[in-house]
Every structure is written in structure tokens, then in C-alpha cells.
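> can't give you the sequence, but here's the structure:
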């Protein structure tokens, strides 16, 4: 289950998973947030807050991602497909949308990773320039729920002037 709450200063999204079975299970998850941008091909559209973080680069082979270390101040999208799972990220990741505004994606509970995705020209028609995904995720360490246990993931998304 889940809940979406629109507040005056942010959008709050909750994802709740309960184990109503008699056996434990594990899972990974991500909230797929498509955020509108002015032009994803522009260097003014970029994701900040991931420098120094390890990530799984799924572009070469989605089934066997390559582990890398991000050494850049910004993740940009003009060069090609971006499909990266950043591991053990800080709670807040910022997306500069190209208008002078930033979108803050703040993992406030349960989510420890961040997925950054844009299909570039692999998506037809070429609407890839209109959005970027900055996703709250729990992928690096699967969640294990024993019978009767519950997990809650929460993210707050807000907009402000950069």
C-alpha cells in the first residue's frame, strides 16, 4: 500500500510493504518519479549530491551492471542513456531543472539508494528531453520481512529556487 500527500511546501510519498504470509521474503524497490525539465540535453539540467558515491552503471549491460565511483559534481544527460543505481546515498538529492529551480528528492525513511535515469534517444518519439527520473530506492541491500513485519519508505519532493 501507499499514500500520497500534497502539502503546501512538498509532495510526500509513502510506500508500505507488509508480510501477511507465514514465510519471510525479501524485496528491492524504487519509486519511479518522472520530473519535468526544460531540456535534458542541456548542461543546466543536472543532478547534484552524488559526487563520491558508488553506483551501478546499467548502461553497458543492465543484467550485469558495472560498479563505478562518481567523481563529477553533476550528473548530466546530453551525452547518452543514463541508467545508474547510486548506493548508500545521502538523504537529499537535487535536480536542477534548467529554469533556475531545483527539485529536492529527500529520502526521509526506508530508502537508502537513489536511481538516476533518462533514456536519451532510446525512447521514441524523442520526449527524453522533457524529463529526468530521480528515484528513491532500496536496492543495494534488499529488505527482509519476517511474517507480520512491515516496512515503510517515505520520500518528500519539494521545489525551490537554486
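Nice, I can see it. All figures in this text were calculated on a predicted structure; none of them were measured in a lab. Numbers count the residues shown, from 1 in each chain.

> you'd agree residue 22 is up against residue 146?
No - with contact defined as CB atoms under 8 Å, residue 22 does not reach residue 146; the gap is 10.0 Å. No exception for glycine: its C-beta is placed from N, CA and C like everyone else's.

> neighbour count winner among these two?
Neighbour totals were compared for residue 22 and residue 146, and residue 146 leads with 11 against 8 (other CB atoms under 10 Å).

> For the residue sitting nearest the centre point of the chain, give me its contacts.
Centroid check for the chain by CA atoms, centre = their mean gives residue 135 as the closest residue, at 1.7 Å. Neighbouring residues of residue 135 by CB atoms under 8 Å, 6 or more residues apart in numbering: 30, 31, 32, 33, 105, 114, 115, 116, 117.

> again with residue 36
Applying CB under 8 Å, 6+ apart to residue 36 gives the contacts 97, 130, 131.

> nearest to residue 83, of the residues you listed?
Of all these, residue 83 sits closest to residue 131, with 14.1 Å by CB to CB.

> If you tally nearby residues, what's the number for that closest one?
Neighbours of residue 131 using other CB under 10 Å come to 19.

> Over to residue 100?
Neighbour count for residue 100, taken as other CB under 10 Å: 10.

> Next, give phi and psi for it.
Phi and psi for residue 100, reported as degrees, to the nearest 10, are phi 100, psi 0.

> Just to check, it is in contact with residue 160?
No - in terms of CB under 8 Å, residue 100 does not count as a neighbour of residue 160; the distance is 10.3 Å.

> What pairs with the helix or strand the residue nearest to the centre of the chain falls within, parallel or antiparallel?
Using DSSP states H and E, residue 135 falls within strand 131-145. Strand 131-145 has the following strand partners under DSSP bridges: strand 25-31 (antiparallel), strand 34-36 (antiparallel), strand 113-118 (antiparallel).
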